[in-house]
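*Asks:* compute the structure for the input listed below.
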Amino acid sequence: MFNSILVVCEGNICRSPTGERLLQQLLPEKHIASAGVGALVGQPMDNVAAEIAAQHGLDPGGHVARQLIPEMCKQADIILAMSTRNIEQIYRISPESRGKVMLYGRWIGDIDIPDPYRRERLVYEEAFNLLDEGARAWLQALQRS
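*Replies:* Model prediction:
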């Protein structure tokens, strides 16, 4: 059973905090956290990502970007990465994580969630929609296991 889920992206200010909040909303009994492989440590959630999250009923407040470290990987039961590139970066940071790292977009076509950082709002909205779809798909997958 997966009780601890770690959501990982690049900077930990757009995709992973949004994915974290979506999963927290759907799986309130689980411990869900996020981090970045190249985190903008100490930064809050990106303004546009936070705005879109809030428009969809999520609370983006209180997020502080964290750098992924091996101890976080060790503590997580499953690690959900935004891209295949992020998976390789996770393996470099924590080689022993192999076997518990999967794509966040696994159940929606095994897709990468594109990074919207510093792009137009439409890209953020598309990323949010994929994150929401991915979170719902993970909910179903975890309920089956």
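*Asks:* okay, CA-based contacts and neighbour counts for the rest of this
*Replies:* Will do.
*Asks:* dump the host helix or strand of residue 133 to CSV, restricted to CA.
*Replies:* Assigned by DSSP states H and E, residue 133 belongs to helix 121-144. This file holds the C-alpha atoms of helix 121-144, laid out as CSV (Å, rounded to 0.1, in the frame of the first residue of the first chain):
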residue,chain,number,x,y,z
ARG,A,121,-1.0,31.2,-19.5
LEU,A,122,-2.5,28.7,-21.9
VAL,A,123,0.4,26.3,-21.3
TYR,A,124,-0.2,26.6,-17.5
GLU,A,125,-3.8,25.8,-18.0
GLU,A,126,-3.0,22.8,-20.2
ALA,A,127,-0.5,21.6,-17.6
PHE,A,128,-3.1,22.0,-14.8
ASN,A,129,-5.7,20.0,-16.8
LEU,A,130,-3.2,17.2,-17.4
LEU,A,131,-2.2,17.2,-13.7
ASP,A,132,-5.9,17.0,-12.7
GLU,A,133,-6.5,14.2,-15.1
GLY,A,134,-3.4,12.4,-13.9
ALA,A,135,-4.4,12.8,-10.2
ARG,A,136,-7.8,11.3,-10.8
ALA,A,137,-6.3,8.4,-12.7
TRP,A,138,-3.8,7.8,-9.8
LEU,A,139,-6.8,7.8,-7.4
GLN,A,140,-8.4,5.1,-9.4
ALA,A,141,-5.2,3.1,-9.8
LEU,A,142,-4.5,3.3,-6.0
GLN,A,143,-8.0,2.2,-5.1
ARG,A,144,-7.6,-0.9,-7.3
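*Asks:* just the residues contacting stretch 108-123, thanks.
*Replies:* The contact list for stretch 108-123, computed with C-alpha atoms under 8 Å, 6 or more residues apart in numbering, reads 14-15, 46, 48, 82-84, 103-105, 124, 127, 130-131, 133-134, 137.
*Asks:* ok, stretch 125-133 next?
*Replies:* Residues outside stretch 125-133 that contact it (C-alpha under 8 Å, 6+ apart): 15, 18-19, 22, 52-53, 104-105, 108, 113-116.
*Asks:* average pLDDT for it?
*Replies:* Stretch 125-133 shows a mean pLDDT of 98.
*Asks:* mind listing what's buried along it?
*Replies:* Residues of stretch 125-133 classed as buried by neighbour count (16 or more other C-alpha atoms under 10 Å): 125, 127-128, 130-133.
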